[in-house]
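J.: Any chance you can model this:
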Amino acid sequence: MVAAASGQSLEGLKNVVVGASGSVTAQPPADPLEQMDLTCMKNVKNPQTWINVQQKFQYILGPSAGFVPLNKENTLEPAVTSIMQDIESLPKENEGECAIGQLMLQLLKIITVDSDGELIGQIKSKDQISSPILTLLLDVPWSTYQPEWPMFGLLAQAAVKRSKTHTNNEAIDGLVQPELKQFASAMNRAIGETNLENLRGLSQAFIDSGADGAMQASPIGYMTAVFTQAATAPTKQEAKAVLSDAQILLKSMITSPADLEASLGSQWPMWGMAYLASLKASV
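T.: The predicted model follows:
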């Protein structure tokens with residue numbers, strides 16, 4: 001079974017964007033993102049513990065983690081053990097003070113114990129996991145928690161594992177057309193060769209083929225191309241600008257836990273490119 005996250009610790013994430021329009025007050029409403037302190041450095045009693053946890057996630061999730069599965073015995077299991085020791089060292093009443101840290105740990109646990117991608121698919125039926133993930137992806141500016149919490153790196157690892165054993169059919173991935181199959185193959189080949197120039201050219205060609213038509217034919221493929229443009233951008237500023245646009249596009253593609261599951265089982269390396277883009281935007 002999927003390990004359940006603490007309902008109390010994740011409730012804040014599920015409601016992070018609620019309140020501004022629905023509250024009636026004489027004072028300007030407080031910024032909910034500021035109140036949430038998604039980096040867990042300002043409004044928690046034990047910031048150093050959460051900084052240590054962040055650094056451990058960042059350490060195991062290097063750039064190659066976007067496409068290559070991490071070793072269970074040498075990397076994943078030791079990371080889970082070490083992070084759990086950090087959190088368990090806190091006073092019991094403070095273990096849930098960093099909701100996003102707890103969420104990241106739960107996702108890491110699932111990836112670690114999931115040998116065939118089955119548990120990752122079950123996330124869609126586990127609201128305590130899927131709801132805060134969707135909130136972070138769709139409603140919260142990515143720059144407010146990344147790169148401190150490399151969520152895209154974990155989603156990339158989940159996608160690497162899920163897509164190998166529960167691969168989407170061609171219709172879901174929009175790979176019915178021969179041209180798109182060739183594009184996907186060329187992109188995966190360029191990733192294997194670490195050929196950033198080819199990746200940028202391929203992704204730009206896809207986007208130039210017409211935003212509406214390309215996104216309709218293969219929404220996941222189009223998002224992969226947009227993330228690739230950010231990942232291969234010549235400057236940090238351009239990468240950040242493209243990522244900002246990408247979040248708007250992602251909202252039109254992922255609207256439910258089932259959509260999230262489909263993105264993880266895709267033959268397109270969407271989450272791997274999203275992770276590289278998030279790193280590029282923070283360098």
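J.: quick one: stretch 67-80 to chain centroid distance?
T.: With Cα atoms, centre = their mean, to the nearest Å as the basis, stretch 67-80 stands 17 Å off its chain's centre.
J.: and the gap between the closest residue to Asn188 other than its chain neighbours and Glu88?
T.: The shortest distance from Asn188 to any non-neighbouring residue, by Cβ to Cβ, 6 or more residues apart in numbering, is to Pro269 (6.5 Å). Backbone N, C-alpha and C define where each C-beta goes, glycine included. As judged by Cβ to Cβ, to the nearest Å, Pro269 and Glu88 stand 35 Å apart.
J.: Looking at these two, which one has more neighbours?
T.: Neighbours were tallied for Pro269 and for Glu88 using other Cβ atoms under 10 Å; the higher tally belongs to Pro269 (25 against 9).
J.: wait, what's in contact with that one?
T.: Contacts for Pro269 were tallied using Cβ atoms under 8 Å, 6 or more residues apart in numbering; they are 66-67, 159, 187-188, 191, 224.
J.: Greatest separation within those: which pair is it?
T.: Largest separation among the contacts of Pro269 by Cβ to Cβ: Ala159 and Met187, giving 14.5 Å.
J.: Identify those among the contacts of Pro269 that sit within helices.
T.: When DSSP state H is applied, the contacts of Pro269 are split such that 159, 187-188, 191, 224 fall in helices.
J.: Okay, strands next: where are they in this protein?
T.: Read by DSSP state E, the chain holds no strands at all.
J.: any low-confidence regions in it?
T.: By pLDDT under 70, the low-scoring segments of the chain are 1-36, 210-214.
J.: and if we set it to 80?
T.: Where the chain drops to pLDDT under 80, the residues are 1-37, 209-215, 283.
J.: Can you give me the domain boundaries for it?
T.: Listed domain ranges for the chain are 7-16+36-164, 169-280 (source: automatic domain parsing).
J.: and the end-to-end length of the last one?
T.: Right, the one you point to is domain 169-280. End-to-end distance for domain 169-280, by Cα to Cα, to the nearest Å: 31 Å.
J.: how far does it sit from the chain's center?
T.: 14 Å.
J.: about what we covered before: where's the residue nearest to Asn188 relative to Leu108, distance?
T.: 20 Å.
J.: By neighbour count, which of the contacts of Pro269 wins?
T.: Thr224 leads the contacts of Pro269 on contacts (other Cβ under 10 Å) with 28 neighbours.
J.: My guess is that one contacts Met270. True?
T.: Yes: the criterion here is Cβ atoms under 8 Å, and Thr224 meets it with Met270 at 4.4 Å.
J.: all helices for the stretch 101-250 of the chain, in order.
T.: Along the stretch 101-250 of the chain, counting by DSSP state H, counting those that start in this stretch, helices occupy 118-122, 127-138, 151-165, 170-173, 178-192, 196-208, 211-217, 219-231, 236-253.
J.: Would you enumerate the residues in contact with Ser143?
T.: Contacts of Ser143 by Cβ under 8 Å, 6+ apart are 240, 243, 281.
J.: Filter the residues you listed down to the buried ones, PyMOL style.
T.: Here is the PyMOL selection string for the buried members of the contacts of Ser143, based on 16 or more other Cβ atoms under 10 Å:
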select buried, resi 240+243+281
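J.: Using CSV, lay out the contacts of Ser143 together with distance to Leu134.
T.: Formatted as CSV, these follow (distance: Cβ to Cβ, whole Å):
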residue, distance to Leu134
Lys240, 22
Leu243, 18
Ala281, 21
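J.: Ser256: which of the contacts of Ser143 is nearest?
T.: Nearest to Ser256, judged by Cβ to Cβ, of the contacts of Ser143 is Leu243 at 22.5 Å.
J.: Distance of the most centrally placed residue in the chain relative to Phe227?
T.: With distances taken as Cα atoms, centre = their mean, Phe152 lies nearest the centre of the chain, 2.8 Å away. Using Cβ to Cβ, one gets 9 Å for the distance from Phe152 to Phe227.
J.: Ala239 contacts Leu276, correct?
T.: No: here Ala239 lies out of contact with Leu276, judged by Cβ under 8 Å, at a distance of 9.5 Å.
J.: Just want to know which of these two has more residues nearby.
T.: Higher neighbour count among Ala239 and Leu276: Leu276, with 28 against 23, using other Cβ under 10 Å.
J.: and the more buried one, what does it touch?
T.: 63, 66, 227, 231.
J.: Show the contacting residues for the third one.
T.: Contacts were defined as Cβ under 8 Å, 6+ apart; by that measure Phe227 touches 243, 246, 270, 273-274, 276-277.
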